[in-house]
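> Here is my input; please provide its structure:
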Amino acid sequence: MKRLLTFFLICFSFVEYTRAEDIINYKYWDEGKLTWDDFQDTLSLKGVPSAFNAFLRIEKTEKRDGNTRTIRPEAQACFDKRHSFADRQIQNENLLRLFQLKYDLLEMYRRRLQTELNLGVVGIAADNRTRQYMDLYTEQSKKAEQETENGQNEIKLQEWEFYVTKELIENPAPSIPRISPRRFGYGFYLGTGASFPVGSIADYWDPAWQINVGFDLAYANTHLLCDFSAGTARTRQEITVSNGQITDTWLRNGHNTYTSISLGIGQQLISTKYFALMPYVGCIWSGYSDQAKIQEGRNERTTLSYTNFNWTAGICFDYRFSTTISLVPSFWRGHREIFTASIRTKLFINREQFHNFKIAPDDNGSILRGCKLGFSVACLGFSRLLQIK
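Sure, this is the predicted structure:
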């Protein structure tokens, strides 16, 4: 246990150290203009009195607003403070202006790269575009150095500053693109719940505690709900069950398996950032079952059951505790998605009717009618594709 704890502490410390190093070693364009304090004065190489190092990179950034988290690929213009230096003897205003000019030039290409990222460029294509823009930056940067004579030609320096400043004004930094969910959505949920028999059924079985799994497919505000539940219920009386020539008696205080499979159509009436409300109706197959031994076989068993096919109705209440908007194209044909994690509470009523129900072997059988009132609490993960406007 101590070794495991030590391992996690080391990993956490490494991550925090890496973040701190990133803050110390790099400066980003939106953090303000360059000053001589951003440069080293102890790394002067022989015959090289100054050096300016900056580059483009793509990072996944995360921003949170309440329960909503937005993840997007962000192009960054990074000034490398560790490998940029200038001898104190040559530090002057014009040289600093030249370095700022080169940094502004890099920001110009960063904005172009960010525009392409917003349009869906990802993976190898994004890496290739980053290299291409870096090649263009390197070419233009060298040209600016030559024409301005390393910042000493005031007229050419002003011309370059005017050109780059004009480009930055006319092409502002791209913001997060406007998005809207598409009509199609899909989700999966897992939880637990209970169903309570009402009517004549309550005379023979106790409430059933169940595990619930299901799928939620949506188009606009219409949802198709497919739910599977399984659990056990204690018998309150002796019950006779048969299948052809095989007959068995379920003893009082025994346990039967209660299973249900339902298919419903729901309409979402309320949908906010934190809550959603959706009534639904549908059909359900449900029943009680147990294993019985075949007398003439050798350790062979069969399943005996009382089942029915009927209607179901209910209402779903979703508490949305987390929403993630991913502007990073996914593996599914490069689509972007919005993922919502919710706690879904469902209240429902199931109609049940068992034919040829017997309480004794010589019973002629009757129809056992009733219904189930129940609830379930599940964790729901639901995704919709995003449309970028």
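> alpha carbons only for contacts and neighbour counts from here, please
Fine.
> give me every residue that touches F321.
By Cα atoms under 8 Å, 6 or more residues apart in numbering, the residues touching F321 are N67, Y274, T340, A341, S342, I343.
> So it belongs to a helix, correct?
No: counting by DSSP: H, G, I helix; E, B strand; the rest coil, F321 falls outside a helix, being strand.
> domains of this protein?
The record's domain parsing of the chain by automatic domain parsing lists 24-170, 179-388.
> Put together TSV for those domains, with mean pLDDT on each row.
Converted to TSV, the domains of the chain look like this (pLDDT from 0 to 100):
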stretch	mean pLDDT
domain 24-170	89
domain 179-388	88
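> re the thing from before, let's see which of the contacts of F321 end up in strands.
Taking DSSP state E, the ones among the contacts of F321 that sit in strands are T340, A341, S342, I343.
> Make CSV out of those and add distance to S242 and neighbour count.
Listed next are the ones in strands among the contacts of F321 as CSV, based on distance: Cα to Cα, whole Å; neighbours: other Cα atoms under 10 Å:
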residue, distance to S242, neighbour count
T340, 47, 21
A341, 45, 20
S342, 43, 22
I343, 41, 20
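> Pipe these into CSV and attach distance to A313 per row.
Converted to CSV, these look like this (distance: Cα to Cα, whole Å):
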residue, distance to A313
T340, 24
A341, 24
S342, 21
I343, 19
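> just curious, which of those is nearest to S376?
I343 (10.3 Å; Cα to Cα).
> give the contact list for that closest one.
D318, Y319, R320, F321, V377, A378, C379, L380.
> before we move on, what about N67?
F321, S322, T323.
> Mind doing that once more with 6 Å?
When contacts are counted by Cα atoms under 6 Å, 6 or more residues apart in numbering, N67 touches S322, T323.
> Would you mind measuring from it to H223?
Between N67 and H223 the computed distance is 23 Å (Cα to Cα, to the nearest Å).
> just I246 next, same as before
In terms of Cα to Cα, I246 sits 42 Å off from H223.
> tell me which residues of the longest helix along the chain are tucked away?
Using DSSP state H, we find that the single longest helix of the chain is helix 93-118. Across helix 93-118, burial judged by 16 or more other Cα atoms under 10 Å covers 94-118.
> Just put the contacts of F321 in JSON lines and tack on distance to P197.
JSON lines is the format used below for the contacts of F321 (distance: Cα to Cα, whole Å):
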{"residue": "N67", "distance to P197": "38"}
{"residue": "Y274", "distance to P197": "33"}
{"residue": "T340", "distance to P197": "34"}
{"residue": "A341", "distance to P197": "31"}
{"residue": "S342", "distance to P197": "28"}
{"residue": "I343", "distance to P197": "25"}
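> Check which element follows the one helix or strand R234 maps to along the chain.
Using DSSP states H and E, R234 sits in strand 222-234. Using DSSP H and E, the helix or strand that follows strand 222-234 in sequence is strand 239-243.
> Next, the buried residues of that following strand.
In strand 239-243, counting by 16+ other Cα under 10 Å, buried: I239, T240, V241, S242.
> again, but for stretch 56-72
Quick answer for stretch 56-72 (16+ other Cα under 10 Å): L56, R57, I58, T68, R69, T70, I71, R72.
> Just give me the closest of these to I201.
T68 (45.7 Å).
> could you measure the most centrally placed residue in the chain against L380, distance?
By Cα atoms, centre = their mean, the chain has its centre lying nearest to F339, at 4.1 Å. Going from F339 to L380 by Cα to Cα gives 10 Å.
> Tell me which stretches of this structure form helices.
2-25, 93-118, 124-147, 154-170.
> and P177, how far is that from D65?
16 Å.
> cool, and I124?
On the measure of Cα to Cα, I124 and D65 end up 31 Å apart.
> From what I see, T307 and I284 are in contact.
No: between T307 and I284 there is no contact under Cα atoms under 6 Å: 10.5 Å.
> the more surrounded of the two?
I284 (23 against 18; other Cα atoms under 10 Å).
> T35: neighbouring residues, count only.
Counted with other Cα under 10 Å, T35 comes out at 12.
> Helix 124-147 and the longest helix of the chain, what's the angle between them?
Here helix 93-118 runs at an angle of 160 degrees relative to helix 124-147 (axes from the mean of the first three to the mean of the last three Cα atoms, to 10 degrees).
> Spatially nearest residue to F55 (excluding sequence neighbours)?
C78 (5.5 Å; Cα to Cα, 6 or more residues apart in numbering).
> is that neighbour in a bridge, and if so with what?
When bridges are called by DSSP bridges, C78 pairs up with Y28, F55.
> Now do stretch 262-276: distance from first to last residue.
Start-to-end, stretch 262-276 (Cα to Cα) is 21 Å.
> and the closest residue to V213 other than its chain neighbours, what is it in contact with?
Of all residues not flanking V213 in the chain, L190 sits nearest, at 4.5 Å (Cα to Cα, 6+ apart). Residues near L190 by Cα under 6 Å, 6+ apart: N212, V213, A378, C379.
> which residues does the second one contact?
When the contact criterion is Cα under 6 Å, 6+ apart, the partners of V213 are Y189, L190, D227, F228.
> Of these, which is the nearest to L136?
Once Cα to Cα is applied, the member of those that ends up nearest L136 is Y189, at 49.7 Å.
> Once you drop chain neighbours, what's closest to that closest one?
Going by Cα to Cα, 6+ apart, Y189 has L380 as its nearest residue, at 4.2 Å.
> Tell me the spacing between the one you found and S262.
17 Å.
> Compare those two and say which is more crowded by neighbours.
L380 (24 against 21).
> Touching, that one and S342? I think so.
Yes: in this structure, L380 is within contact of S342 by Cα under 6 Å, at 5.1 Å.
> and G185, what are its bridge partners?
A218, R384.
> cool, and C316?
Residues in beta-bridge contact with C316 (DSSP bridges): M278, K346.
> follow-up on the earlier one: I'd like to know the beta-bridge partner residues of the residue nearest to V213.
V213, C379.
> ok, it to A233 distance?
20 Å.
> Could you do I90 as well?
87 Å.
> ok, now I169?
72 Å.
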